[in-house]
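Asker: Give the three-dimensional model of this entry:
(one chain, ligands or ions: 2)
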Amino acid sequence: VTVKGTQADGTPILDKVLVNAVDGSVVARLPTIHTAKNRELHDLKNKTTLPGTTVRTEGQAATSDAVVNNNYDRLGTTYDAYKELFNRDSLDGSGGKLISSVHYSTKYNNAYWNGTQMVYGDGDGSTFSNLANSLDVTAHELTHGVTSNTSNLEYSGESGGLNEAMSDIFGNVVEYYGAGKVVSDNTWKVGEDVYTPNTAGDALRYMNDPAKDGDSLDYYPDYTSGVDVHYSSGIANLAFYLLSQGGKHPRSKTTVSVTAIGIEKAAQIFYRANTQIFTASTTFAQAKQWTGQAAQDLGYTQAEISAVADAWSAVGVT
Ligand SMILES: Cc1cc(C(=O)NCC(F)(F)F)no1
Ligand SMILES: [Zn+2]
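Answerer: Ligands and ions are numbered 1, 2, ... in the order given. Got it, this is the predicted structure:
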């Protein structure tokens, strides 16, 4: 393997050739194994017709737009986290393109996955600053792409709540990875770096205390089919938090005490469940069963497998 040069963004360009040891002649050029991040960024210039103007593709130099450059970097960190933690090569496991459109509409306070690509609003500067700058928001949206390529959790009902929870969970697992694999209060806040720029310490959602946002659920018996998927996600978000960090329900909805197994083991369990066991119609009860199955498949101890069941019991999934 020889370094043929470096890409505009500094990553090395590797030449993989088979060389005749006697005369140094090139016998064969090895196929490029997908290690590129395959990023493709578009600028919507505050319009809404996707994907917009292509402004930066993989390996191209930074542009004059900091939002484009930041989102390019967040996508890179998200790609790296999925590769290093789960050995996943992009959305589809085969180096699929990471398509992102920024500056969507005007003062748009949201970001979304449209089934094919990510789309980011600039925010109105009060409820949100530019969402494309956020690592956990970017990883939240990219994870919708991972989910659609794997379990394909239906985006309604209980499976919809689980779909949203996968995005909040891996959004923050990527944030933890990007922070140098360090857990902090921010690891359990969703969108804290772009939510209400004039208010410190708050967040769009709170995985460790979902009801703190005033809408999200933290207890399965409170679930009804009319609850927005962004709020029923709180049930699984809190289960993931308790499995990672241990403890009891923050509002005493149950008295179950969960033993911590750490964020990385919890992430491995939820990743395997979402990518290898969950179906499109998975319910919260099946999520409890199948995350337990994932822990067993991963060869974790009986105590760790029991902690998975306890985490779901703690949020009322019996
Ligand atoms: C209510 C509600 C919540 C969301 C949401 O989660 N958006 C994705 C994020 F990345 F911007 F957070 N949208 O409507
Ligand atoms: Zn989402």
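
Asker: Can you classify the closest residue to ligand 1 within the stretch 151-300 of the chain by secondary structure?
Answerer: Ranked by C-beta to the nearest ligand atom, the top residue of the stretch 151-300 of the chain for proximity to ligand 1 is His230, at 3.9 Å. Quick note: C-beta positions are derived from backbone N, CA and C, even for glycine. Classification of His230 by DSSP: H, G, I helix; E, B strand; the rest coil places it in helix.

Asker: How about it, nearest residue that isn't a chain neighbour?
Answerer: Closest residue in space to His230, ignoring its immediate chain neighbours: Glu164 at 5.4 Å, by C-beta to C-beta, 6 or more residues apart in numbering.

Asker: Next up, the contacts around the residue of the stretch 151-300 of the chain closest to ligand 1.
Answerer: Counting by C-beta atoms under 8 Å, 6 or more residues apart in numbering, His230 makes contact with Glu164, Arg205, Asp215, Ser216.

Asker: Ok, Leu298 next?
Answerer: Lys265, Gln268, Ile269, Arg272.

Asker: Can you pull the phi/psi pair for it?
Answerer: phi -80, psi 0 (degrees, to the nearest 10).

Asker: any idea how far the residue nearest to His230 is from Asn130?
Answerer: Going from Glu164 to Asn130 by C-beta to C-beta, to the nearest Å gives 22 Å.

Asker: which of the two has more neighbours?
Answerer: With neighbours defined as other C-beta atoms under 10 Å, Glu164 and Asn130 compare such that Glu164 has more, 28 against 21.

Asker: What strand or helix carries that one?
Answerer: Following DSSP states H and E, the helix or strand that holds Glu164 is helix 157-178.

Asker: How far off centre is the lengthiest strand in the chain?
Answerer: In the chain, taking DSSP state E as the definition, the longest strand is strand 98-104. Centroid separation between strand 98-104 and its chain, computed with C-alpha atoms, centre = their mean, to the nearest Å, is 16 Å.

Asker: before we move on, what about stretch 106-120?
Answerer: 15 Å.

Asker: For that stretch, which residues meet the burial criterion?
Answerer: Under the neighbour-count criterion of 16 or more other C-beta atoms under 10 Å, stretch 106-120 has Tyr108, Asn109, Ala111, Tyr112, Trp113, Gln117, Met118, Val119, Tyr120 buried.

Asker: so how far is ligand 1 from the second one?
Answerer: Meaning Asn109. Plainly put, Asn109 is 8 Å away from ligand 1 if you go by C-beta to the nearest ligand atom, to the nearest Å.

Asker: do the first one as well
Answerer: Summarising the geometry, the distance separating Tyr108 from ligand 1, computed by C-beta to the nearest ligand atom, is 10 Å.

Asker: Could I get the contacting residues of the closest residue in space to that residue that isn't next to it in sequence?
Answerer: Spatially, and ignoring its direct neighbours in sequence, Tyr108 is nearest to Gly121 (2.7 Å; C-beta to C-beta, 6+ apart). Residues near Gly121 by C-beta under 8 Å, 6+ apart: Tyr104, Ser105, Lys107, Tyr108, Asn109, Asn110, Ala111, Phe128, Asn130, Leu131.

Asker: and Gly121, what are its bridge partners?
Answerer: On the basis of DSSP bridges, Gly121 is bridged to Tyr104.

Asker: ok, back up a step: emit the ChimeraX select command for whichever of the contacts of His230 are buried.
Answerer: A single ChimeraX command selects the buried members of the contacts of His230 (16+ other C-beta under 10 Å):
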select :164,205,216
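
Asker: Can you add distance to ligand 1 and secondary structure and give the contacts of His230 back as a markdown table?
Answerer: Below are those laid out as a markdown table (distance: C-beta to the nearest ligand atom, whole Å; DSSP: H, G, I helix; E, B strand; the rest coil):
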| residue | distance to ligand 1 | secondary structure |
| --- | --- | --- |
| Glu164 | 7 | helix |
| Arg205 | 7 | strand |
| Asp215 | 7 | coil |
| Ser216 | 9 | coil |
